[in-house]
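*Asks:* can't give you the sequence, but here's the structure:
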């Protein structure tokens, strides 16, 4: 794959990953499944950061995923079965 093709592919991946993450963030109040989906979106965005060479962005998104996972776990523990 040519370098330009790689850059286009990584950019498209980033657009999809970040769009998904933002959509799940907007839907978080609808239920904990959206919080967990937001965690996944953060991990996708983190991988985009590392793939694009913007490792500080990748690190921040990974930390954000951990924070969101803790929020999801606390919601899960509080909810009745």
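*Replies:* That came through fine. This one's a predicted model, so the numbers in the text were calculated from it and none came from an experiment. Numbering: from 1, shown residues only.
*Asks:* which secondary structure element contains the most centrally placed residue in the chain?
*Replies:* With distances taken as CA atoms, centre = their mean, residue 42 lies nearest the centre of the chain, 1.6 Å away. Taking DSSP states H and E as the definition, residue 42 sits inside helix 32-52.
*Asks:* What of residue 58?
*Replies:* Using DSSP H and E, residue 58 sits in helix 55-78.
*Asks:* Figure out how far that helix is from the centre of its chain.
*Replies:* 9 Å (CA atoms, centre = their mean, to the nearest Å).
*Asks:* neighbouring contacts of the helix holding residue 42?
*Replies:* Here helix 32-52 makes contact (CB atoms under 8 Å, 6 or more residues apart in numbering) with 10-11, 13-14, 16-18, 20-25, 27-28, 55-62, 64-65, 68-69, 71-72, 75-76, 79. Heads up, the C-betas are built off the backbone N, CA and C, glycines and all.
*Asks:* ok so, going back, and the residue nearest to the centre of the chain, how far from residue 2?
*Replies:* Note on residue 42: its distance to residue 2, by CB to CB, to the nearest Å, is 30 Å.
*Asks:* for residue 23, same thing?
*Replies:* Distance of residue 23 to residue 2, given as CB to CB: 31 Å.
*Asks:* ok, those two, which is more surrounded?
*Replies:* Each of residue 23 and residue 2 has its neighbours counted (other CB atoms under 10 Å); residue 23 has more, 13 against 7.
*Asks:* for the more buried one, what are its contacts?
*Replies:* By CB under 8 Å, 6+ apart, the contact set of residue 23 is residue 41.
*Asks:* Same question for residue 69.
*Replies:* By CB under 8 Å, 6+ apart, the residues touching residue 69 are 36, 39.
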